[in-house]
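Colleague: here is my input, please return the structure:
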Amino acid sequence: MPFEIIPLNKDLLEPAARLLARYMKSSYGQDEELASKCEKSLLNLLDDGVAQFYMAKLDQDWAGFVVVYWGYSTTSGKPILRVQDIYVEPEFRNRGIGTRLLECCEKAARAKGAHSIRLETNANNKQARRLYEKAGFVEFPQRLVCMKFLNAWMTTQKRVRKLKPIRNSARAVIVENNRVLLTKNKDDQGYFYLFPGGGQEKGEELKDALIRECMEEIGCKVVVADLVCVREYIGKNHEFAEWDYDIHQVEFYFECRIDGEVQEFKGSNPDSYQVDVEWVEYDRLNEIRVYPKTLAGMIRNNRARPIYIGDAN
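Modeller: Got it, this is the predicted structure:
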């Protein structure tokens, strides 16, 4: 279906106000009567020009929006793009729209040479936190968010973002005819490849997490077999320490096979950097940027793999 991200203008106030009203009701529990104020709020936004409101359109339907504004980092001497609100209608969720709205923000930030993109979310909003993590956002549990509300219906409060210091992740090692199935991703340095998979959620077994993540990234069900190896990633020790310095992840790699025949690899909610899924021949593993390199090298050389390979990248 055709997909567009369109900046708000006065001709779009009516659908934008409807989206905003539903967002405010679902996120803050406010009454529907508040919807009458949404159009005025958006008119003020257009007149002030302090923030930008972008609407996501899927075919003929308005599916969501994102609101951003610019700040400034005095320490880096560069702009900061702040995401004030992001919303996707319930019937359009798990279709990559939130990811594409964040990609739009990142494109704008990079075009302006920004230092970072910043946003906030409720600690108990697991779906949003997972989306942000897949898009490359890092939580800072040591920082407080302090606010003083100036409206009578709000109260002064402060909130602490919580993050477990160590996170579990499950990944798939899918091999066939001297090839391994990897996700293809792109960053400022070019293309890089990863084993499919992602983070484990509370109440979820590792194997179930892997099945879910493979559906999101490669778009097919996998049969999970034996544990291949366990790898740790301590970000401060590796090449992306500037961004990953506070990340410590334990990854469990399982031997997997695809359940049935697949005509096309198309995940339901791929990571923001992901651009494709590829079968990569063993001989090419030393020619591409693939993580973790240690495991890729073992596969390429058909070496016996230790169960625990430690902090490797």
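
Colleague: so which bits of stretch 266-274 are buried?
Modeller: For stretch 266-274, a neighbour-count test (16 or more other Cβ atoms under 10 Å) marks 267, 269, 270, 271, 272, 273, 274 as buried. Placement of C-beta: from N, CA and C, glycine included.

Colleague: any idea how far apart the tips of stretch 298-313 sit?
Modeller: End-to-end distance of stretch 298-313 (Cα to Cα, to the nearest Å): 13 Å.

Colleague: contact partners of it?
Modeller: With contact meaning Cβ atoms under 8 Å, 6 or more residues apart in numbering, stretch 298-313 is reached by 173, 175, 180, 227-234, 237-239, 282-283, 285-286, 291-295, 297.

Colleague: hmm, 6 Å instead?
Modeller: Residues outside stretch 298-313 that contact it (Cβ atoms under 6 Å, 6 or more residues apart in numbering): 180, 229, 230, 231, 232, 234, 237, 238, 282, 285, 292, 294.

Colleague: could you do stretch 277-295 as well?
Modeller: By Cβ under 6 Å, 6+ apart, stretch 277-295 touches 178-184, 192-194, 218, 231, 265, 296, 300, 309, 312-313.

Colleague: same question for that stretch: list its buried residues.
Modeller: 277, 278, 280, 282, 285, 290, 291, 292, 294, 295.

Colleague: state the helix or strand in which the last one lies.
Modeller: Translated: residue 295. helix 293-300 (DSSP states H and E).

Colleague: that helix: what's the following helix or strand?
Modeller: strand 308-311.

Colleague: that next one pairs with which strands?
Modeller: Sheet pairing here is set by DSSP bridges, and for strand 308-311 it gives strand 222-234 (parallel).

Colleague: the inter-axis angle of the partner strand versus helix 293-300?
Modeller: Interaxial angle, strand 222-234 versus helix 293-300 (axes from the mean of the first three to the mean of the last three Cα atoms, to 10 degrees): 140 degrees.

Colleague: in strand 222-234, what's buried?
Modeller: 222, 224, 228, 229, 231, 232, 233, 234.

Colleague: quick one: that strand to chain centroid distance?
Modeller: Distance of strand 222-234 from its chain centroid, counting by Cα atoms, centre = their mean, to the nearest Å, is 22 Å.

Colleague: do stretch 136-152 as well
Modeller: Distance, centroid of stretch 136-152 to centroid of chain: 20 Å (Cα atoms, centre = their mean).

Colleague: show the average pLDDT along that stretch.
Modeller: For stretch 136-152, the mean per-residue pLDDT is 72.

Colleague: just the helices in this protein please.
Modeller: 13-28, 35-48, 97-111, 126-134, 206-217, 241-244, 293-300 (DSSP state H).

Colleague: would you mind finding the most buried of the ones you listed?
Modeller: helix 206-217 (a mean of 21; mean count of other Cβ atoms under 10 Å).

Colleague: need the residues that contact that one.
Modeller: So helix 206-217 is contacted by 170, 172, 183, 196-198, 200, 222, 224, 252, 267-270 (Cβ under 6 Å, 6+ apart).

Colleague: before we move on, the earlier item: what would the buried residues of stretch 277-295 look like in TSV with distance to residue 89 and pLDDT?
Modeller: Output for those, formatted as TSV (distance: Cβ to Cβ, whole Å; pLDDT from 0 to 100):
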residue	distance to residue 89	pLDDT
277	27	96
278	32	96
280	37	96
282	44	94
285	42	93
290	37	95
291	35	93
292	38	93
294	43	89
295	40	91
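
Colleague: any weak-confidence spans in the chain?
Modeller: Residue ranges of the chain with pLDDT under 70: 26-36, 142, 149-164, 241-243, 304-305.

Colleague: follow-up on the earlier one: tell me which two in the buried residues of stretch 277-295 are the farthest apart.
Modeller: Spanning the widest gap among these are 277 and 294, at 22.0 Å by Cβ to Cβ.

Colleague: can I get the buried residues of strand 222-234 in a markdown table with distance to residue 259?
Modeller: What follows is the buried residues of strand 222-234, written out as a markdown table (distance: Cβ to Cβ, whole Å):
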| residue | distance to residue 259 |
| --- | --- |
| 222 | 6 |
| 224 | 10 |
| 228 | 18 |
| 229 | 22 |
| 231 | 25 |
| 232 | 29 |
| 233 | 28 |
| 234 | 34 |
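
Colleague: from those, which is closest to residue 86?
Modeller: residue 233 (27.4 Å).
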